[in-house]
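J.: Structure for the following, please:
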Amino acid sequence: MESNVRVRFAPSPTGPLHIGGVRTALYNYLFAKKHNGTFILRIEDTDQTRYVANAEQYIIDALNWCNIPFDEGINKNEKFGPYRQSERKELYKKYATILLETGWAYYAFDTAEELDAHRKGHEAEGKTFIYNWHNREKGRLVNSLVLTDEEVQAKINAGENYVIRFKSPQDEILQMEDEIRGNITIDTNTLDDKILFKTDGMPTYHLANIVDDHLMEISHVIRGEEWLPSMPLHVLLYKAFGWDSPKFAHLPLILKPVGKGKLSKRDGDKLGFPVFPLEYTNEATGDVSRGYKEDGYFADAFINMLAFLGWNPGTEQEIFSLEALVETFDLKRVSKSGAKFSPDKTKWFQQQYMQTKSDEAVTELFLPILTEKGISVANEDEKSQVQKIVSSIKERAIFVEDLWDLSSYFFETPSEYDAKNVKKNWKEGTPELMQELVEIIKNIEDFSSANTEKEIKEWITNKEIGFGKVMQPLRLSLVGKLAGPHLFDIIATIGKQETILRIENAIEKL
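T.: The predicted model follows:
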């Protein structure tokens, strides 16, 4: 058991939370809960150019719907606040200054045009321009490593734009440990001197994230694979400050259903599935992106599916409650390779959860749909009738919305009949046979499913005709198509009057 586990989910509020982000949050949540730790939400809004106003609330709403709420963050147990990086601005300048004083960072005054010229010059010679040990003190670049203190101060006083860069060490072999990927070795000569502090007075992700993780006492950094290339810089920053580094774990990508490449909104739009937990409206363009919640998925089915995108329990079991996921989850069982997203598998999880929900629970979810269709369920008797209907059709439903298509004939007399089946099953002589059946039904006293079945089957046997000749037209009359549960259960549910009415309707219309 890890002690004093503190993990954070730190998204940027640049739009809706993609399911890749939700999975990162989920793995952080599961890890924290398994070790009686704390799950923190921090909003990384240092990139003000891409900030989207309603994105932060969306992130919070999404975590709540998924049932993985944060323990500490904005407006909740704020003992290490503030939890928005934009409100911690003053802090970062102080830490950037410490790095300047200790020689781990330097001022760079190069303009975008000058850097572009260096880049193009290198390309012309078939080389790649990297700002690091290789050229930072050669005099071609304008930084505090080649300027005198007086020259640096004069440039700052004159209001010249500058950035603060990290001074990557030369000729060192960096040994790092990743909880998922094991040992990683990096030659520091291949690293560039990343910008830590920008011209606009905001830190870059790298500085802000290290300072925040340290001050918030984060024990484990569990994040997406896209941050793996930044790990050497982050480890070196901890070393530069003289701080203990947290443990790192980099999660595999979620891949497109067709294989290679990261799953994107475009893949969802093209193949007809959501990539966001909740529906999202872009306030600027009015575009609406689909959400799993609004598409009818249960939150627990969605979470169960997500857990398996990159992790497995090492057994055949696939259905896990959130509590069971907490108990079973282990970073050592997270895969290094990307996990292919499958829309079909997602539906499979949804269907499994539909089957395990009680008839009573599904009925409660179905009632608003009936109300919408103008069908009132006024008392307990009517409710228990609906529950019986739900019980008979539930196993064929994936979503609650499907229940209406599967059961509408219980509530409404069919007005149309499936043409293909009519042609095949409504033959010459069928109307007379059905009229005769009406008389039989009128005389049945005990209208239970079992008794009705017994009496009608006895009549068919006595007539010495094939069962299909009666049963298929009868189902067509009652349902409008050859679908639905046990025929005599339908008859018992809709009752004698309605059964007779529907057969007579069919005789008239067909």
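J.: from here on, contacts and neighbour counts on C-alpha atoms
T.: Noted.
J.: Buried ones in the helix or strand harbouring residue 361, by neighbour count?
T.: Using DSSP states H and E, residue 361 sits in helix 359-372. In terms of neighbour count (16 or more other C-alpha atoms under 10 Å), helix 359-372 has its buried residues at 359, 360, 362, 363, 366, 367, 370.
J.: And stretch 238-256, by the same measure?
T.: For stretch 238-256, by 16+ other C-alpha under 10 Å, it's 238, 240, 245-246, 248-256.
J.: ok so, going back, what mean pLDDT does the helix holding residue 361 have?
T.: The average pLDDT for helix 359-372 rounds to 95.
J.: Please enumerate residues in contact with it?
T.: 354, 376, 377, 386, 387, 390, 391, 394, 400, 401, 403, 404 (C-alpha atoms under 8 Å, 6 or more residues apart in numbering).
J.: tell me the phi and psi of the nearest residue to residue 309 once chain neighbours are set aside?
T.: Once flanking residues are discounted, residue 309 sits nearest to residue 339: 5.3 Å by C-alpha to C-alpha, 6 or more residues apart in numbering. Per-residue torsions, residue 339: phi -110, psi 120 (degrees, to the nearest 10).
J.: And residue 339, how far from residue 259?
T.: For residue 339, the distance to residue 259 (C-alpha to C-alpha, to the nearest Å) stands at 9 Å.
J.: Between these two, point out the one with more neighbours.
T.: residue 339 (21 against 14; other C-alpha atoms under 10 Å).
J.: Bridged to that one, which residues?
T.: residue 254 (DSSP bridges).
J.: Please identify which pair of the contacts of helix 359-372 lies farthest apart.
T.: 354 and 376 (23.8 Å; C-alpha to C-alpha).
J.: okay, these two: which has more neighbours?
T.: residue 354 (23 against 13).
J.: buried sites along stretch 480-492?
T.: Quick answer for stretch 480-492 (16+ other C-alpha under 10 Å): 480, 481, 482, 484, 487, 488, 489, 490, 491, 492.
J.: for stretch 147-160, same thing?
T.: Those would be 147, 152, for stretch 147-160 by 16+ other C-alpha under 10 Å.
J.: re earlier: can you pull the contacts of the residue nearest to residue 309?
T.: Contacts of residue 339 (C-alpha under 8 Å, 6+ apart): 252, 253, 254, 255, 309, 310.
J.: For those residues, could you give me JSON lines that also reports pLDDT?
T.: Below are the contacts of residue 339 laid out as JSON lines (pLDDT from 0 to 100):
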{"residue": "252", "pLDDT": "96"}
{"residue": "253", "pLDDT": "95"}
{"residue": "254", "pLDDT": "96"}
{"residue": "255", "pLDDT": "95"}
{"residue": "309", "pLDDT": "97"}
{"residue": "310", "pLDDT": "96"}
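J.: Which two of these have the greatest separation?
T.: 255 and 310 (10.2 Å).
J.: Which neighbours do the two have in common?
T.: Counting by C-alpha under 8 Å, 6+ apart, the residues touching both residue 255 and residue 310 are 338, 339.
J.: where do the strands sit along the stretch 101-250 of the chain?
T.: Along the stretch 101-250 of the chain, counting by DSSP state E, counting those that start in this stretch, strands occupy 105-108, 163-166, 173-178, 182-187, 195-197, 220-224, 247-251.
J.: Can you name every helix or strand that the fourth one contacts?
T.: Just to be clear, that refers to strand 182-187. Packing partners of strand 182-187 (3 or more C-alpha pairs under 8 Å, 6 or more residues apart in numbering; DSSP states H and E): strand 173-178.
J.: buried set for the strand it packs on?
T.: Quick answer for strand 173-178 (16+ other C-alpha under 10 Å): residue 178.
J.: got the angle for that strand vs strand 182-187?
T.: Counting by axes from the mean of the first three to the mean of the last three C-alpha atoms, to 10 degrees, strand 173-178 lies at 160 degrees to strand 182-187.
J.: Averaged pLDDT, strand 173-178. What do you get?
T.: Computed over strand 173-178, the average pLDDT equals 97.
J.: That strand packs against which elements?
T.: Contacts defined by 3+ C-alpha pairs under 8 Å, 6+ apart place strand 173-178 against strand 182-187, helix 231-241, strand 247-251.
J.: same for the shortest one, what does it pack against?
T.: Think strand 247-251. Short answer (3+ C-alpha pairs under 8 Å, 6+ apart): strand 247-251 packs on strand 173-178, strand 220-224.
J.: Strand 182-187 and that strand, what's the angle between them?
T.: Using the same axes, to 10 degrees: strand 247-251 against strand 182-187 is 100 degrees.
J.: Now strand 247-251 - C-alpha only, PDB.
T.: Once non-C-alpha atoms are left out, strand 247-251 reads as follows in PDB (Å, rounded to 0.1, in the frame of the first residue of the first chain):
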ATOM      1  CA  LYS A 247       6.700   9.000  -9.300                       C
ATOM      2  CA  PHE A 248       5.700   9.200 -12.900                       C
ATOM      3  CA  ALA A 249       3.300   7.000 -14.900                       C
ATOM      4  CA  HIS A 250       2.500   7.700 -18.600                       C
ATOM      5  CA  LEU A 251      -0.700   6.200 -19.900                       C
END
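J.: Tell me how far that strand lies from the chain's centre.
T.: How far strand 247-251 lies from its chain's middle: 20 Å, per C-alpha atoms, centre = their mean, to the nearest Å.
J.: ok, and what's touching it?
T.: Counting by C-alpha under 8 Å, 6+ apart, 24, 177-181, 219-225, 227-228, 310, 331, 334-336 sit against strand 247-251.
J.: what's the pLDDT at residue 286?
T.: 84.
J.: Residue 274 versus that one, what's the distance?
T.: From residue 286 to residue 274 the distance is 17 Å (C-alpha to C-alpha).
J.: tally of neighbours for the closest residue to residue 129 other than its chain neighbours?
T.: Excluding its sequence neighbours, the residue lying closest to residue 129 (C-alpha to C-alpha, 6+ apart) is residue 119, at 5.2 Å. Using other C-alpha under 10 Å, residue 119 has 16 neighbouring residues.
J.: The one 10 residues further on now?
T.: The criterion is other C-alpha under 10 Å. On that basis, residue 129 has 17 neighbouring residues.
J.: Which residues lie in contact with it in this structure?
T.: Counting by C-alpha under 8 Å, 6+ apart, residue 129 has contacts 118, 119, 122, 123.
J.: Pull out the buried residues from these.
T.: Buried, going by 16+ other C-alpha under 10 Å: 118, 119, out of the contacts of residue 129.
J.: Turn the contacts of residue 129 into TSV, including pLDDT.
T.: Shown next, in TSV, are these (pLDDT from 0 to 100):
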residue	pLDDT
118	94
119	95
122	94
123	94
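J.: Can you pick out the ones from the contacts of residue 129 that are in helices?
T.: 118, 119, 122, 123 (DSSP state H).
J.: wait, which of those residues is closest to residue 62?
T.: residue 119 (42.3 Å).
J.: My guess is the closest one contacts residue 128. True?
T.: Yes. Using C-alpha atoms under 8 Å, residue 119 is in contact with residue 128, at 7.1 Å.
J.: And the contacts of the helix or strand hosting residue 454?
T.: When elements are assigned from DSSP H and E, residue 454 belongs to helix 449-463. For helix 449-463, the external contacting residues (C-alpha under 8 Å, 6+ apart) are 437, 440, 441, 444, 446, 466, 467, 470, 488, 489, 491, 492.
J.: Need the residues you listed in a markdown table (columns: pLDDT, secondary structure and distance to residue 16).
T.: Shown next, in a markdown table, are those (pLDDT from 0 to 100; DSSP: H, G, I helix; E, B strand; the rest coil; distance: C-alpha to C-alpha, whole Å):
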| residue | pLDDT | secondary structure | distance to residue 16 |
| --- | --- | --- | --- |
| 437 | 89 | helix | 59 |
| 440 | 90 | helix | 62 |
| 441 | 92 | helix | 59 |
| 444 | 91 | coil | 60 |
| 446 | 92 | coil | 58 |
| 466 | 84 | coil | 60 |
| 467 | 84 | helix | 57 |
| 470 | 87 | helix | 56 |
| 488 | 93 | helix | 49 |
| 489 | 92 | helix | 46 |
| 491 | 93 | helix | 49 |
| 492 | 92 | helix | 49 |
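J.: Understood, closing this out.
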